[in-house]
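# Quick one: sequence plus predicted model below, questions after.
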Amino acid sequence: MSIPSSVVIRDVGPRDGLQPEAPVPVADRVRLVEALVDAGVRHVEVAAFVSPRAVPAMAGAAEVVAAIDRRPEVTYAALVPNVKGAELALAAGVDEITVTVSASATYNERNVRMSIDESVVVIGEVAALAGATRVDAVVSCAFGSPYEPELGPGDAVALGERVSAAGASRVTYADTTGMATPRLVGQLLDAAGAGTTAADLGLHLHDTRGTALLNAWVAIERGVTRFDTAVGGLGGSPFAHGAGGNLATEALVAVLDDAGIATGIDVERLVLAAALVEELVGRPVPSGVAHAGPRTRRTPTSS
Ligand code: COA
Ligand code: ZN
């Protein structure tokens, strides 16, 4: 076991969190990004440059990026499905492009209307276009797919190696439909072990079946230091059957705080950002920590 002393959290709430929701106005999406940054989040996926017909909630991505009061210490990322999205994201001035490709051929087709092979070519083109801007290839359905039941972590890692060879700066493995378990996280890390160390890859976890925090913890014990989470635990792909919310950022931060693993994030301020999410979507978020607070919170007894 090599437990890291710090972990980098990329909050994908303004993108993954809001994408399945009714559209939230640009100014409110910007407020959410800034609330996350105020809480100490240093890496935020702020928007997706996708077809507004495919994902109405992500319309106005360039306006979101333009309206953010940018801080130099923060990495502002945006998701793209294709070259057109990358051109728009680069023109908007993002710090990082996350490009999506799926280990599941059916999901890739549903999500970005391309074969896996076409997406690999696209990732090469996006990387060439991006130049010095980092391109993180997010391999979805990495722990299984509702469409191809035989798919396993080895297939995702093989695809991760292909997109790295095509030019992606790094790879994040996404549990799009919450099918990961500690056993499968171990298998993925074993499969990636040949050419990579755990610290080189990121994990993007969903909590559809209540295993996300467990999966994060076993990955941390194996040395993984990059995680995608979403404030409040909202999120999910509109194109994947059975997708559930992301691992809540405040749930992971609370556990990391307790373990003495640094994130730079103030969990109580994050809870305020989760309250803003509730205001924006008009209903309670699924995260327990958002409501109860971290275990370190104390209730005054004098009143
Ligand atoms: N951003 C904005 N518009 C885009 C675009 C992008 N990245 N890529 C294509 N478009 C536009 C085209 O210009 C075209 O517009 P027009 O009809 O006004 O001329 C229209 O979308 C259709 O283009 P086409 O290339 O035929 O796309 P498609 O209909 O096959 O859809 C995608 C392909 C990738 C654009 C679409 O499926 C998509 O945006 N998927 C993203 C899904 C997503 O965000 N999933 C979230 C989980 S990762
Ligand atoms: Zn996701």
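All right, it came through fine. Residues are numbered from 1 along each chain as shown. Ligands and ions are numbered 1, 2, ... in the order given.
# Up against ligand 1, what does this protein have?
With C-beta under 6 Å from any ligand atom as the criterion, the chain comes near ligand 1 at residues 19, 48-51, 54-55, 80-82, 84-85, 88, 100, 111-113, 237, 239. C-beta coordinates here come from the backbone N, C-alpha and C atoms, glycine included.
# Need the buried ones from the residues you listed selected in PyMOL.
Selection of buried members from the residues of the chain next to ligand 1 for PyMOL, criterion 16 or more other C-beta atoms under 10 Å:
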select buried, resi 19+48+49+50+51+55+80+81+82+85+88+100+111+112+237+239
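# Give me the subset of the residues of the chain next to ligand 1 that lies in helices.
84-85, 88, 111-112 (DSSP state H).
# and those residues as JSON lines, adding distance to Leu270 and pLDDT?
Below are these laid out as JSON lines (distance: C-beta to C-beta, whole Å; pLDDT from 0 to 100):
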{"residue": "Lys84", "distance to Leu270": "34", "pLDDT": "98"}
{"residue": "Gly85", "distance to Leu270": "29", "pLDDT": "98"}
{"residue": "Leu88", "distance to Leu270": "30", "pLDDT": "98"}
{"residue": "Asn111", "distance to Leu270": "29", "pLDDT": "97"}
{"residue": "Val112", "distance to Leu270": "31", "pLDDT": "98"}
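# Return the closest of those residues with respect to ligand 1.
Gly85 (3.0 Å; C-beta to the nearest ligand atom).
# Now do the same contact list for that closest one.
48-50, 79 (C-beta atoms under 8 Å, 6 or more residues apart in numbering).
# And for Thr208?
Counted by C-beta under 8 Å, 6+ apart, Thr208 has contacts 177-179, 236, 242-245.
# Below-threshold pLDDT in the stretch 1-150 of the chain: ranges please.
1 (pLDDT under 70).
# Now the closest residue to ligand 1 within the stretch 151-300 of the chain: closest residue in space, sequence neighbours ignored.
Residue nearest to ligand 1 within the stretch 151-300 of the chain: Ser237 (4.1 Å; C-beta to the nearest ligand atom). Counting by C-beta to C-beta, 6 or more residues apart in numbering, Ala243 is the residue found nearest to Ser237 once chain neighbours are left out, at 4.7 Å.
# Helix, strand, or coil at Ala191?
Three-state assignment for Ala191 (DSSP: H, G, I helix; E, B strand; the rest coil): helix.
# quick one: the strands in the stretch 151-300 of the chain?
Here the stretch 151-300 of the chain has its strands, by DSSP state E, counting those that start in this stretch, at 170-174, 202-204, 226-229.
# Count residues in the vicinity of Glu268, would you?
By the criterion of other C-beta atoms under 10 Å, Glu268 has 12 neighbours.
# can you offset everything so residue one is 22?
With 22 as the first residue, the last one maps to Glu289.
# In terms of pLDDT, where does it sit?
pLDDT, Glu289: 97.
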